[in-house]
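> I'll drop the sequence and a predicted model, then ask my questions.
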Amino acid sequence: MNFRDAYSDDYNSEDTEKIEIKKLEVEEEPLDPKIAEAIFCFNKKWKTGISLLESEGIITQDKKSIANFLFKYNDKLSKSELGEILAGKDDNVELLIEFTELLNFTGVSFAEGLRSYLTKFLLPGEAQKISRMMEVFAGKYLKDNPTTFPDTDCAFILAFALIMLNTDAHNPAILEKDKMTKAQFVQNSRGTWHGNDPPQELLEMLYDEIVGNEIQMKTKGDPDKKGWVKSIKGSLFEQNKRWLCLIGNELRWYKNPTRGRPEDPEKPLGYIKLEYVMVNEMDDRFCISSTLPKNIEFYVYEEKKPVAVTTLQFEITCESAAQVEHWAAAVRKNVTFEVEPEFDPKHYKKPKSKAKNFKKTKKF
């Protein structure tokens with residue numbers, strides 16, 4: 001497969017489904033108590049968790065044994081601790097290589113392969129560690145798609161360039177006029193393939209993929225997804241152009257860009273809990289509604305206090321259909337059904353809105 005095959009018109013987001021665990025299947029059965037305890041310890045400090053796993057005989061000191069466990073229970077392990085253990089020290093990348101070998105990038109576009117890879121762990125902040133991880137990724141991607149790049153170095157340089165582009169394109173602190181253009185990205189990449197230029201078609205396609213759909217590279221405490229939307233609406237309540245932050249099973253909106261951390265000066269204008277809800281997509285918006293036979297509830301801050309508002313569905317309008325798809329997918333992933341719902345169908349009555357101030361549509 002060459003890059004034209006990987007970026008053909010037939011390519012779509014469904015290709016990411018090809019990125020699957022090659023050798024392992026995640027078990028759906030309840031966790032063994034020993035494994036559950038080890039995961040709990042790992043998420044606080046990876047060294048403690050690994051030591052417990054070794055002492056219980058669940059893994060050995062062999063790097064392949066450790067990698068298999070980290071991959072099998074990836075969705076239950078702390079991404080920040082995973083980033084620390086996989087990044088390794090100095091040039092020790094044996095564990096990272098074994099872990100990366102469990103991914104299959106065959107037939108997947110370079111940008112989508114990188115996007116999937118970076119969902120498995122939290123990328124460390126140190127440039128040296130990022131460099132090691134990108135080098136290992138580049139090697140595995142080229143191994144699975146041997147005709148896409150001249151060699152690993154060329155793939156590595158482009159992977160690093162995409163991370164820089166992703167930061168530039170999606171950092172709200174960088175003004176639109178200062179962001180890298182497609183022409184600048186192509187120009188900056190010239191001569192990086194051992195003195196030759198990468199195919200312009202490839203560079204332009206990669207630019208469009210990254211700018212159109214952010215690679216979510218979180219640091220500790222960052223939201224799962226963030227960005228501008230055109231408007232939000234529920235019942236008679238409506239606000240234009242808001243900054244959304246998806247944090248766990250809560251969707252919050254703000255007036256200005258923020259990471260949504262408690263210490264940030266920008267405070268939320270409101271939020272909606274993603275418990276027992278479903279997400280439906282329309283042309284330019286996605287809607288959140290309850291899976292229970294009742295209205296959904298969201299909260300708006302009035303004088304620093306949350307006021308409950310009930311509505312049949314909560315609508316979020318986006319700038320494009322692609323943005324709708326990306327947001328809807330992220331929100332669905334964070335919906336929870338763990339808390340016992342406070343609802344008795346036998347005594348159900350249509351809830352009344354507690355928000356007395358929303359008799360008329362609010363627009364800002």
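Structure's in. What do you need?
> how much space between Arg132 and Ala155?
Using Cβ to Cβ, to the nearest Å, Arg132 is found at 14 Å from Ala155. C-betas here are computed from N, CA, C, even on glycine.
> go on, Asp75?
From Asp75 to Ala155 the distance is 27 Å (Cβ to Cβ).
> who's more crowded, those two?
When neighbours are counted by other Cβ atoms under 10 Å, Asp75 and Ala155 differ, and Ala155 comes out ahead with 25 against 9.
> In which helix or strand does the more buried one reside?
helix 152-170 (DSSP states H and E).
> chain center to that helix: distance?
17 Å (Cα atoms, centre = their mean, to the nearest Å).
> what are the phi and psi angles of Glu303?
phi 50, psi 50 (degrees, to the nearest 10).
> tell me which residues of stretch 165-179 are tucked away?
Residues Leu165, Asn166, Asp168, Ala169, His170 are the ones in stretch 165-179 that count as buried (16 or more other Cβ atoms under 10 Å).
> Can I get those residues in TSV including distance to Phe185?
Converted to TSV, the buried residues of stretch 165-179 look like this (distance: Cβ to Cβ, whole Å):
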residue	distance to Phe185
Leu165	6
Asn166	11
Asp168	9
Ala169	9
His170	14
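> quick check, nearest of those to Ile215?
Nearest to Ile215 among those, counting by Cβ to Cβ, is Asn166 at 4.7 Å.
> hang on, the closest one packs against Gln216?
No - using Cβ atoms under 8 Å, Asn166 is not in contact with Gln216, being 9.2 Å away.
> the helices in the chain, which residues?
3-6, 33-44, 46-55, 63-72, 79-87, 94-100, 110-117, 127-144, 152-170, 182-188, 200-212, 321-334 (DSSP state H).
> Highest mean neighbour count out of these?
Neighbour counts (mean count of other Cβ atoms under 10 Å) averaged over each of the helices of the chain peak at helix 110-117, with a mean of 23.
> helices and strands around that one, which ones?
Counting contacts by 3 or more Cβ pairs under 8 Å, 6 or more residues apart in numbering; DSSP states H and E, helix 110-117 packs against helix 127-144, helix 152-170, helix 200-212.
> From the buried residues of stretch 165-179, pick the one nearest Lys226.
Of all the buried residues of stretch 165-179, His170 has the smallest distance to Lys226: 8.6 Å, by Cβ to Cβ.
> which ones are touching the closest residue to the closest one other than its chain neighbours?
The spatial neighbour of His170 that comes closest, neighbours along the chain excluded (Cβ to Cβ, 6 or more residues apart in numbering), is Glu214 at 4.3 Å. Counting by Cβ atoms under 8 Å, 6 or more residues apart in numbering, Glu214 makes contact with Asn166, Ala169, His170, Lys225, Gly227.
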